[in-house]
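A.B. asks: Dropping the sequence and predicted coords here.
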Amino acid sequence: MKSLTFDKVLELKKTVQERFSVNVHFHDHCSSQSFSLDEPNQEIRAFIESYFSARNIQAVFNNEGTDFVLE
């Protein structure tokens, strides 16, 4: 799994908030990081996947489309 610095997390959160008026929740665990959305949204999911793909990181979403991790 990939991890982001706190600055990069804030950058993602700000970018999604400005573009979609949606909050990306950040969850920092002892050995990993994860992110979540309040509800599934295909447009935001595609944006997040593209955002990380441009940085050579893969965003992997759960089946519901609300939670994701980075690989």
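C.D. replies: Noted; the coordinates are in hand.

A.B. asks: Only C-alpha atoms from now on, for both contacts and neighbour counts.
C.D. replies: Fine.

A.B. asks: The residue of the chain most remote from its centre in helix, strand or coil?
C.D. replies: In the chain, Cys30 marks the outermost C-alpha relative to the chain mean, sitting 18.1 Å out by CA atoms, centre = their mean. The three-state label for Cys30, taken from DSSP: H, G, I helix; E, B strand; the rest coil, comes out as coil.

A.B. asks: The lengthiest helix in the chain: which residues count as buried?
C.D. replies: In the chain, with assignment by DSSP state H, the single longest helix is helix 6-20. For helix 6-20, burial by neighbour count (16 or more other CA atoms under 10 Å) applies to Val9, Leu12, Lys13, Lys14, Thr15, Val16.

A.B. asks: residues contacting the last one?
C.D. replies: Just to be clear, that refers to Val16. Val22, Asn23, Val24, Ile44 (CA atoms under 8 Å, 6 or more residues apart in numbering).

A.B. asks: Over to Met1?
C.D. replies: Contacts of Met1 (CA under 8 Å, 6+ apart): Ser32, Val69, Leu70, Glu71.

A.B. asks: can you do 6 Å?
C.D. replies: Contacts for Met1 were tallied using CA atoms under 6 Å, 6 or more residues apart in numbering; they are Leu70, Glu71.

A.B. asks: Any figure for the gap between it and Phe52?
C.D. replies: Applying CA to CA, to the nearest Å, the value for Met1 to Phe52 is 13 Å.
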